[in-house]
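Engineer: I would like to see how this sequence folds:
(3 chains)
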Amino acid sequence: MTFRPNGIVTLTTDFGIDDAYVAIMKGVLLSIAHHAMIVDYTHGIAPGNVVEAAYLLRSGYRYFPNGTVHVVVVDPGVGSNRRAIALQTPEATFVGPDNGVFSLIVEDARRDWNGQLHMIELTEPRFWLPTISATFHGRDVFAPTAAHILNGTSFGALGQPVTALTPANRTTPQLLDSGVLMGRIVHIDRFGNCITNITQEHLFEHQIGPTLVLEIIDQQLNGLFRTYADGPVGIPMCLIGSSGHLEIAVCNGHAAQYLGVDIGDKLRVRAAEDTGPRHE
Amino acid sequence: MTFRPNGIVTLTTDFGIDDAYVAIMKGVLLSIAHHAMIVDYTHGIAPGNVVEAAYLLRSGYRYFPNGTVHVVVVDPGVGSNRRAIALQTPEATFVGPDNGVFSLIVEDARRDWNGQLHMIELTEPRFWLPTISATFHGRDVFAPTAAHILNGTSFGALGQPVTALTPANRTTPQLLDSGVLMGRIVHIDRFGNCITNITQEHLFEHQIGPTLVLEIIDQQLNGLFRTYADGPVGIPMCLIGSSGHLEIAVCNGHAAQYLGVDIGDKLRVRAAEDTGPRHE
Amino acid sequence: MTFRPNGIVTLTTDFGIDDAYVAIMKGVLLSIAHHAMIVDYTHGIAPGNVVEAAYLLRSGYRYFPNGTVHVVVVDPGVGSNRRAIALQTPEATFVGPDNGVFSLIVEDARRDWNGQLHMIELTEPRFWLPTISATFHGRDVFAPTAAHILNGTSFGALGQPVTALTPANRTTPQLLDSGVLMGRIVHIDRFGNCITNITQEHLFEHQIGPTLVLEIIDQQLNGLFRTYADGPVGIPMCLIGSSGHLEIAVCNGHAAQYLGVDIGDKLRVRAAEDTGPRHE
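Structural biologist: Presented below is the predicted three-dimensional model:
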């Protein structure tokens, strides 16, 4: 199986939708790939928040059909010397800045497509717009590159192979000596649910079961609930959200406001069995 | 005339657009129905507000060509035992939770397609994703169902016929003994216009003419204006909005802020002819 | 070269995206032009702000392929006697109200397509919806007109030629006697960058070079930087943004909040060489 473009390209940015930036990228895409089917993934990433973009992209890219191209423009270093890159597996292609935004994709790809993950630095200006601004590579570099991929340009022609990318901080939890997982909030959704960087797999790997204990700020939450409606009304509870990540929710409420927390804030999770004295 | 899908599917949700939830539904749709033309109807429904969703859907679905599939995911009861349903007339198909969100559609359909309104409970998991989460039926049930309808799956194959749906409260005004219509604000638009659940037909039916009197909070508004520009500047006025509903507007102003009202608030409308003493 | 529709239509409105207004326009477009490729340009124009719409449209329309139709519905005078118009060059067609929203397009077109800019008043109701509301010409007039253009209706059939449009105020800077350009902020983007109505061409024409001096409120900014990352951290700086307009930015900050400015506010730009006494 090799990657074959299916005509779909998704856009993930921190541009919001009140400016013309997103429309301009679409115009460039359609000028080169006339029949592109463009899907807005999200343009609501907090400005410059690479970790949130990495989480949101990973939470959904696998629901798109094989052959989809995903463009990510969360690019606080635009105009500096950060690299422009593209990644390809037999399943999907990703285009964007080398700033950690694809770190969770690489994690997936190394596990599932070992040996079939190709990474290049975009170094061939013939696939870009004729003039490259200092501030808008989404328009000048990433959108044209994606359009050429949709048109069937071979991946290798776009640039030079690279073997390692710039890692992102804070996209994965840390295991502390005490058997405690220290994670962070990576996204707060419209309903106030606080999604963490701790997945069901992390819990399983570290033998933390459904009777877990989560500590955040001055709150201690006990146990995993199956659904929002199963939890207590009006106070925070833990569940595994639809993306497979541990999240904190308040049934009929707004967990982030209740707890007074924000993206980036820390939390600690441990197995309930750990009832001996803890030294922190 | 029977329903024939035209390839268009609209999405109405309370997800907002800053999360990946909408994109994920689109990925699922495109994975099953590769050429779906997906239109964002709105994702700005107030979280869980079934009445607002019912109003907004009714205000626009008839502008879409025959054969359109409308998916609504305003689903505060997801994970509970509320039914998943679909409705079909020769004109359109609707897919979503059975919580009243389609109550105004059913009203239209009973009037216009009497005997040709089909309603089913979605009970056939072969048209869903393989795994059903407890929290995201938009992704797992409704999007795949809509995609199969686009692909031509026969409506009856999707589940079991039902004869009645769960009604929604507050979607229609009440007639009080005194000949007064008691309505509610069901939507406040970007310009601050307060749209009510009272339609031009309701006024006609109850013989309330263009010299009507509307009472809300401590304000009394007199008469219907034809357009925003026709009304007094800076104070509230009544008109029939573009959806055929009675609305309160302030020319060059924001009616909801002026009045200090919100979705769900009550108002009373009566004919001006009613000049006798009122006992309330 | 003559205009040939490519199937793409863009929508620029001040409707926001939480109402059904945009969806309804899309439904109308698709009902008449079944295969229209609809692109949301932006729906985030400040309500009624014709100057902002004119700027944002100009900043991006040229990135769309030849043959695109651009619909603009920023229409505070809907229901009054303002004209409905369409403009066509060999490159693109524009449809909307005659209130200045196309003034920058006309400027471009007169320069680049002299003699090939056609302007008409929309006067042929057979290309509109059967019923015309007093409040929503985006639905009733502009969307159907655009759809008929996509379908190949000849431009001249849509109405009567006009030779001049209503101008917009404030879309271009004024040259003061002292050699100072007085401009205004026309848009504030998501990152807080304040985009002005002064373009690189204006600076060149008035011999204001990269050592310019910009005065706004009580601040004086010196010199043009090439990119956000090149400027000082935390204080305002000037640069030419990706649309070719002079903008004020704060590296890693929000310039509009820093300065306490808003759309419409004035600023003054002059060459640094002007070091003699100034009389204002």
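Engineer: Give me the neighbour count for the nearest residue to residue A:231 once chain neighbours are set aside.
Structural biologist: Closest residue in space to residue A:231, ignoring its immediate chain neighbours: residue A:237 at 3.7 Å, by CB to CB, 6 or more residues apart in numbering or on different chains. No exception for glycine: its C-beta is placed from N, CA and C like everyone else's. By the measure other CB atoms under 10 Å in any protein chain shown, the count of residues near residue A:237 is 21.
Engineer: How about the contacts made by the spatially most central residue of chain A?
Structural biologist: The residue lying closest to the centre of chain A (CA atoms, centre = their mean) is residue A:54, at 2.0 Å. Residues in contact with residue A:54 (CB atoms under 8 Å, 6 or more residues apart in numbering or on different chains) are A:100, A:101, A:102, A:103, A:104, A:105, A:168, A:171, A:186.
Engineer: how near is the fifth one to residue B:263?
Structural biologist: Yep, that's residue A:104 we're talking about. To residue B:263, residue A:104 is 38 Å away according to CB to CB, to the nearest Å.
Engineer: Could you point out the longest strand of chain A?
Structural biologist: strand A:181-188 (DSSP state E).
Engineer: can you list the residues that contact it?
Structural biologist: By CB under 8 Å, 6+ apart, strand A:181-188 touches A:51-52, A:54-56, A:170-171, A:173-176, A:194-198, A:202-203, A:206, A:208, A:245-246, A:256, A:261-270, B:19.
Engineer: Just the buried residues from the residues you listed, in ChimeraX please.
Structural biologist: Of these, the buried ones can be selected in ChimeraX as follows, counting by 16 or more other CB atoms under 10 Å in any protein chain shown:
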select /A:51,52,54,55,56,170,171,173,194,195,196,197,198,202,203,206,208,245,246,256,261,263,265,266,267,268,269,270 /B:19
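Engineer: Is it correct that the residue nearest to the centre of chain A falls within a helix?
Structural biologist: Yes - remark: residue A:54 belongs to a helix, assigned using DSSP: H, G, I helix; E, B strand; the rest coil.
Engineer: Could you pick out the residues of the stretch 101-250 of chain A near chain B for me?
Structural biologist: Residues of the stretch 101-250 of chain A lying close to chain B (CB under 8 Å from any CB of the partner chain) are A:187, A:189-191, A:226-230, A:239, A:241-243.
Engineer: quick one: which of the residues you listed sit in strands?
Structural biologist: Judged by DSSP E, strands contain the following of these: A:187, A:239.
Engineer: coming back round to it: now that the residue nearest to residue A:231 has come up, it's in contact with residue A:248, right?
Structural biologist: Yes - taking contacts as CB atoms under 8 Å, residue A:237 lies within contact range of residue A:248: 7.3 Å.
Engineer: Overlap of the contact sets of the two?
Structural biologist: Applying CB under 8 Å, 6+ apart, one finds that residue A:237 and residue A:248 are jointly contacted by residue A:221.
Engineer: Dump stretch A:207-218 to PDB, keeping only the CA atoms.
Structural biologist: Provided in PDB are the C-alpha atoms of stretch A:207-218 (Å, rounded to 0.1, in the frame of the first residue of the first chain):
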ATOM      1  CA  GLN A 207      -1.500  -0.200  35.500                       C
ATOM      2  CA  ILE A 208      -3.800   2.600  36.600                       C
ATOM      3  CA  GLY A 209      -7.300   1.200  36.500                       C
ATOM      4  CA  PRO A 210     -10.800   2.700  36.500                       C
ATOM      5  CA  THR A 211     -10.600   3.300  40.200                       C
ATOM      6  CA  LEU A 212      -7.900   6.000  39.600                       C
ATOM      7  CA  VAL A 213      -7.300   9.000  41.700                       C
ATOM      8  CA  LEU A 214      -6.800  12.400  39.900                       C
ATOM      9  CA  GLU A 215      -5.500  15.400  41.700                       C
ATOM     10  CA  ILE A 216      -5.700  18.900  40.200                       C
ATOM     11  CA  ILE A 217      -5.300  22.200  42.100                       C
ATOM     12  CA  ASP A 218      -6.900  21.400  45.400                       C
END
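Engineer: Identify each buried residue in it, please.
Structural biologist: A:208, A:212, A:213, A:214, A:216.
Engineer: Packing partners of the host helix or strand of residue A:143?
Structural biologist: Element membership for residue A:143 (DSSP states H and E) is helix A:143-150. The helices and strands touching helix A:143-150, judged by 3 or more CB pairs under 8 Å, 6 or more residues apart in numbering or on different chains; DSSP states H and E, are strand A:8-13, helix A:21-32, strand A:68-73, strand A:84-88, strand A:92-97.
Engineer: go again using 6 Å as the cut-off
Structural biologist: Contact here means 3 or more CB pairs under 6 Å, 6 or more residues apart in numbering or on different chains; DSSP states H and E; on that basis helix A:143-150 packs against helix A:21-32, strand A:68-73, strand A:92-97.
Engineer: The second one to helix A:143-150, inter-axis angle?
Structural biologist: Going by axes from the mean of the first three to the mean of the last three CA atoms, to 10 degrees, strand A:68-73 is angled at 170 degrees with respect to helix A:143-150.
Engineer: Residues of the stretch 51-200 of chain A that sit close to chain C?
Structural biologist: Within the stretch 51-200 of chain A, the positions near chain C by CB under 6 Å from any CB of the partner chain are A:79, A:80, A:133, A:134, A:135, A:136.
Engineer: Quickly find the element holding the fifth one.
Structural biologist: Read it as residue A:135. Using DSSP H and E, no helix or strand contains residue A:135.
Engineer: What lies in contact with stretch A:3-10?
Structural biologist: For stretch A:3-10, the surrounding residues in contact (CB atoms under 6 Å, 6 or more residues apart in numbering or on different chains) are A:36-39, A:41, A:65, A:67-70, A:88, A:90, A:146, A:149-150.
Engineer: which two in those are spaced the farthest apart?
Structural biologist: Greatest spatial distance among the contacts of stretch A:3-10 (CB to CB): A:38 and A:90, at 22.6 Å.
Engineer: neighbour-wise, which of the two wins?
Structural biologist: A count of neighbours by other CB under 10 Å puts residue A:38 above the other of residue A:38 and residue A:90, at 21 against 16.
Engineer: nearest residue to the residue of chain A found nearest chain B other than its sequence neighbours?
Structural biologist: For chain A, the residue closest to chain B is residue A:44, as judged by CB to the nearest CB, at 2.8 Å. The shortest distance from residue A:44 to any non-neighbouring residue, by CB to CB, 6+ apart, is to residue B:18 (2.8 Å).
Engineer: so where's the stretch 101-250 of chain A uncertain?
Structural biologist: Of all residues in the stretch 101-250 of chain A, none has pLDDT under 70.
Engineer: that older thread, let me know the closest of the buried residues of stretch A:207-218 to chain C.
Structural biologist: Nearest to chain C, judged by CB to the nearest CB, of the buried residues of stretch A:207-218 is residue A:216 at 27.8 Å.
Engineer: Show the contacting residues for that closest one.
Structural biologist: Residue A:216 neighbours (CB under 6 Å, 6+ apart): residue A:267.
Engineer: quick one: pLDDT of residue A:82?
Structural biologist: pLDDT, residue A:82: 92.
Engineer: what do you get for residue A:276?
Structural biologist: On the pLDDT scale, residue A:276 gets 48.
Engineer: related to what we said a few turns ago, what about the contacts of strand A:181-188, which are in strands?
Structural biologist: Counting by DSSP E, the part of those found in strands is A:174-175, A:194-198, A:245-246, A:266-270.
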